[in-house]
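Asker: Sequence first, predicted coordinates after that:
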Amino acid sequence: MRWWLYHTLFAVAYVVMLPHFLLRMKKRGGYRNRMGDRFGRYPADILAQLRQMEGAVWIHAVSVGEVYVAGQVMRAMRAREPDLRFVFSTTSSTGWREAEKQVSPADLLVYNPLDFPLCVNRALAAIRPRALVLTESEIWPTLIRACHRRGVPLFLVNARVSDRSAPGYRRLRLWFGPVLRMFTTILAQSETDKRRLVDAGATPERIEVTGSFKFDVAIRNPDKEREIAAFLARVDCGPERTVLLGGSTWPGEDAALIRIYRRLRPRYPDLRLVLVPRHFEKADAVQAEIERAGFSCVRKSKEVPRDSTDNASSPSIILADTTGELMGFYGNAHIVFVGKSLYEHGAQNMIEPCLCGAATLVGPYTENFRPVMSDLLSADALVQVSDEAALDREIERLVGDAEARRALGARGTEAVLRRKGVVDRSAEALLGAIQRVATRQEGGVRN
């Protein structure tokens with residue numbers, strides 16, 4: 001009865017959300033050419049490759065951050081077992097584009113099947129995984145149950161339960177408990193996450209607290225930093241300027257930063273604002289916001305070098321409307337505000353600007369990075385503000401005090417570097433658990 005109800009509710013939810021998925025597919029390119037993957041039906045060439053990959057580890061990630069986590073895990077596991085191959089699955093076109101950068105020629109990239117029994121069973125029959133590794137909060141009950149029935153080891157890595165999700169997990173313990181107890185091992189980000197998973201019904205002995213993978217995922221990109229530095233110099237935003245950057249901003253945050261910049265610019269003529277929206281397709285709306293505020297807009301994709309003598313009469317704001325360049329911008333910023341934290345719940349990755357030595361500011365809504373925030377705040381490695389007025393005050397303080405922003409950036413870098421190493425420890429744990437399961441299964445067959 002429980003599973004029948006879940007499948008019915010999942011079907012209803014999918015039908016309701018289908019127009020949204022189709023619209024997003026149209027905007028971003030989507031996965032129309034590989035739609036069959038979602039139903040466990042793969043092209044002939046993919047099936048041929050899968051037949052050559054028996055014993056591969058299936059690893060699944062959705063968002064860009066999770067894809068980076070999965071990529072680090074794959075490389076760390078392969079460093080210990082060079083012949084290991086992976087089937088990497090994701091559910092979004094943005095996840096796919098990032099995953100293409102993470103997989104090796106020996107691996108295979110597919111879209112995750114819909115969480116219906118027929119779709120999942122087709123996918124498992126084709127992939128025949130040695131183990132399934134899910135990331136963070138990717139709990140797909142039908143897929144988990146099907147793997148468990150087949151004796152496929154199940155792992156949840158970098159596991160977290162957000163503040164908003166925790167009460168629901170606890171209330172639905174009778175549903176989540178049996179699903180969570182199917183995992184072979186859960187590698188949790190923090191003791192809080194472990195407690196919340198246990199409250200939801202997970203087996204305490206199967207949960208290890210490893211810390212957050214996100215500290216290891218953050219890696220500087222010197223080549224991209226040099227490329228972005230050259231671009232910024234061409235648009236009068238070179239090293240002699242003080243660069244304020246909004247990273248992965250969401251609607252409302254761009255406008256807040258523009259208001260702050262408009263107030264501060266007359267007092268600090270060397271200040272420059274760079275906006276990097278989370279979704280590049282919103283660049284037109286951000287440009288309109290910039291122009292309504294009385295600034296000209298220099299878009300990265302349509303670069304027009306400016307004469308620095310024009311800045312006093314016609315100041316500009318830089319709009320980065322390209323993808324895959326955020327770390328390059330972080331490496332050239334003096335002050336960074338991390339998006340999806342001022343008005344939206346969740347926050348984007350604040351580890352990356354800290355690693356790059358930028359003085360980093362975040363808003364009040366950072367629940368998706370709770371363990372990370374706890375570590376960074378305890379190290380005085382960033383500043384958390386409560387609202388736009390507080391953000392305005394902190395930005396002005398840091399703009400006016402070069403030594404304070406350099407010191408804050410240095411503490412951020414040190415805090416991140418001190419917390420690296422989680423991925424290597426986790427790769428050891430995963431391979432060890434996979435081997436133990438295989439040994440038990442072999443023993444059972446012999447007996």
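Answerer: Now that the structure is in, tell me what you want to look at.
Asker: which element follows the lowest-mean-pLDDT helix or strand in the chain toward the C-terminus?
Answerer: When each helix and strand of the chain is scored by mean pLDDT, DSSP states H and E, helix 2-28 comes last, with a mean of 67. Later in the chain than helix 2-28, the nearest helix or strand by DSSP states H and E is helix 44-51.
Asker: Mind listing what's buried along that following helix?
Answerer: 46, 49-50 (16 or more other Cβ atoms under 10 Å). Bear in mind the C-beta positions are built from the backbone N, C-alpha and C, glycine included.
Asker: closest to residue 262 among those residues?
Answerer: Using Cβ to Cβ, residue 46 comes nearest to residue 262 of these, at 52.4 Å.
Asker: Okay, that closest one and residue 281: tell me how far apart.
Answerer: 29 Å (Cβ to Cβ, to the nearest Å).
Asker: coming back round to it: let's have the buried residues of helix 44-51 in TSV, adding distance to residue 373.
Answerer: Converted to TSV, the buried residues of helix 44-51 look like this (distance: Cβ to Cβ, whole Å):
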residue	distance to residue 373
46	40
49	41
50	41
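Asker: Let me see the ranges of the helices in the stretch 51-200 of the chain.
Answerer: 64-80, 93-102, 117-127, 141-150, 165-171, 173-180, 191-199 (DSSP state H, counting those that start in this stretch).
Asker: could I get these as CSV with distance to residue 250?
Answerer: Converted to CSV, the helices of the stretch 51-200 of the chain look like this (distance: least, Cβ to Cβ, whole Å):
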stretch, distance to residue 250
helix 64-80, 15
helix 93-102, 15
helix 117-127, 32
helix 141-150, 30
helix 165-171, 20
helix 173-180, 29
helix 191-199, 25
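Asker: can I get the ones you listed in TSV with mean neighbour count?
Answerer: Formatted as TSV, the helices of the stretch 51-200 of the chain follow (neighbours: other Cβ atoms under 10 Å):
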stretch	mean neighbour count
helix 64-80	22
helix 93-102	19
helix 117-127	18
helix 141-150	20
helix 165-171	15
helix 173-180	17
helix 191-199	19
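Asker: Among those helices, which comes closest to residue 36?
Answerer: Judging those by Cβ to Cβ, what sits closest to residue 36 is helix 117-127, at 9.8 Å.
Asker: pLDDT below threshold where in the chain?
Answerer: 1, 7, 10, 13-32, 303-314, 444-447 (pLDDT under 70).
Asker: hmm, try it at 80
Answerer: 1-33, 63, 65, 280, 303-315, 441-447 (pLDDT under 80).
Asker: Can you give me the domain boundaries for it?
Answerer: What automatic domain parsing lists as the domains of the chain is 24-211+421-446, 222-418.
Asker: Can you pull out the residues in contact with stretch 372-392?
Answerer: Defining contact as Cβ atoms under 8 Å, 6 or more residues apart in numbering, one finds that stretch 372-392 is touched by 190, 212, 214-215, 256, 259-260, 263, 337, 342, 350-351, 354, 359-364, 366, 393-394, 408, 411-412, 414-416, 418-419.
Asker: mind listing what residue 438 touches?
Answerer: residue 130.
Asker: Kindly provide the distance from it to residue 380.
Answerer: 46 Å.
Asker: what does residue 413 give?
Answerer: From residue 413 to residue 380 the distance is 13 Å (Cβ to Cβ).
Asker: When those two are compared, which one has more neighbours?
Answerer: The neighbour count for residue 413 versus residue 380, taken as other Cβ atoms under 10 Å, is higher for residue 413 (17 against 12).
Asker: could you list every residue that touches the more buried one?
Answerer: 354-357.
Asker: List the buried residues for stretch 435-443?
Answerer: So, applying 16+ other Cβ under 10 Å, buried residues of stretch 435-443: residue 437.
Asker: what's the distance between that stretch and the middle of its chain?
Answerer: 33 Å (Cα atoms, centre = their mean, to the nearest Å).
Asker: Convert that stretch to CSV, retaining C-alpha atoms only.
Answerer: The C-alpha trace of stretch 435-443 is given here as CSV (Å, rounded to 0.1, in the frame of the first residue of the first chain):
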residue,chain,number,x,y,z
GLN,A,435,34.6,-4.8,-1.2
ARG,A,436,33.1,-6.0,2.0
VAL,A,437,29.7,-6.5,0.4
ALA,A,438,31.3,-8.3,-2.6
THR,A,439,33.2,-10.6,-0.2
ARG,A,440,30.0,-11.5,1.7
GLN,A,441,28.1,-12.1,-1.5
GLU,A,442,30.8,-14.4,-2.8
GLY,A,443,30.9,-16.2,0.5
